[in-house]
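this is the structure alone, sequence omitted:
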């Protein structure tokens, strides 16, 4: 009997798919307008940066929240491209080390965990992701972290009682994805760093 479809992931994929084309078209229009030296202005720069940020976010969300079949693959170059675009002009920077060809489901799990890291790095910081024979390691470092202990408890104990807001939905999705992949998460939360192993 086939697995039941992940309806929420299919909805996320559909939304991202339908938004990426019009936002890409807006980006192309802004780029064309930017070729006219008479139109150079702070407003034009803001518009260009906003379109680039929206495009990066949608690409990230498509991997993070979208559907991922058991046999789907994703290239390391695409992952790095998404994270590079995401960090451009943002408070969080990413470094990614992994094999060239990756399971899309594994990357989806790592992206969900990156969302959790982003929540803790509210004041900025850097995140390193590495993959080796033991699995994935994600290390976030910042001079100052914003940690909600109840949210982080949800990652390793799905029965933990906590009210999760829309902006924290990734914390609710991680235990489901861990169970789906048969993986365990080890968390180490310090004063200025968080290390996750999965």
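Perfect, thanks for sending it. Keep in mind the model is a prediction, meaning the values are calculated, not measured.

can you give me the strands for this protein?
With strands called from DSSP state E, the chain shows them at 73-75, 92-97, 101-103, 125-132, 135-141, 186-189, 193-197.

check which helices and strands the last one sits against.
The contact analysis (3 or more Cβ pairs under 8 Å, 6 or more residues apart in numbering; DSSP states H and E) places strand 193-197 against helix 104-120, strand 135-141, strand 186-189. (C-beta placed from N, C-alpha, C; glycine too.)

partner strands of it, with direction?
Next to strand 193-197 in the sheet, as set by DSSP bridges, lie strand 135-141 (antiparallel), strand 186-189 (antiparallel).

contacting residues around that strand?
With contact meaning Cβ atoms under 8 Å, 6 or more residues apart in numbering, strand 193-197 is reached by 113, 116-117, 120, 134-142, 145, 185-188.

got it, and the fifth one?
With Cβ under 8 Å, 6+ apart as the test, strand 135-141 has contacts from 106, 109-110, 113-114, 117, 120-121, 125-131, 183, 192-198.

per the record, what domains does this structure have?
Per the record, the chain has its domains at 1-67, 72-198, by automatic domain parsing.

which stretches of the chain have low pLDDT?
For the chain, the stretches flagged by pLDDT under 70 are 1-3, 158.

can you name the farthest residue from the center of it?
Distance from the centre of the chain peaks at residue 38, with 37.2 Å (Cα atoms, centre = their mean).

from residue 46, how far out is that residue?
According to Cβ to Cβ, to the nearest Å, residue 38 stands 17 Å off from residue 46.

re the thing from before, list only those of the contacts of strand 135-141 flagged as buried.
With burial judged by 16 or more other Cβ atoms under 10 Å, the buried subset of the contacts of strand 135-141 is 106, 109-110, 113-114, 117, 120-121, 125-127, 129, 131, 194, 196, 198.

show me what contacts the closest residue to residue 10 other than its chain neighbours?
Closest residue in space to residue 10, ignoring its immediate chain neighbours: residue 67 at 5.2 Å, by Cβ to Cβ, 6 or more residues apart in numbering. Going by Cβ under 8 Å, 6+ apart, residue 67 touches 5, 6, 9, 10, 12, 13.

list the residues that contact the first one.
Listed by Cβ under 8 Å, 6+ apart, the contact set of residue 5 reads residue 67.
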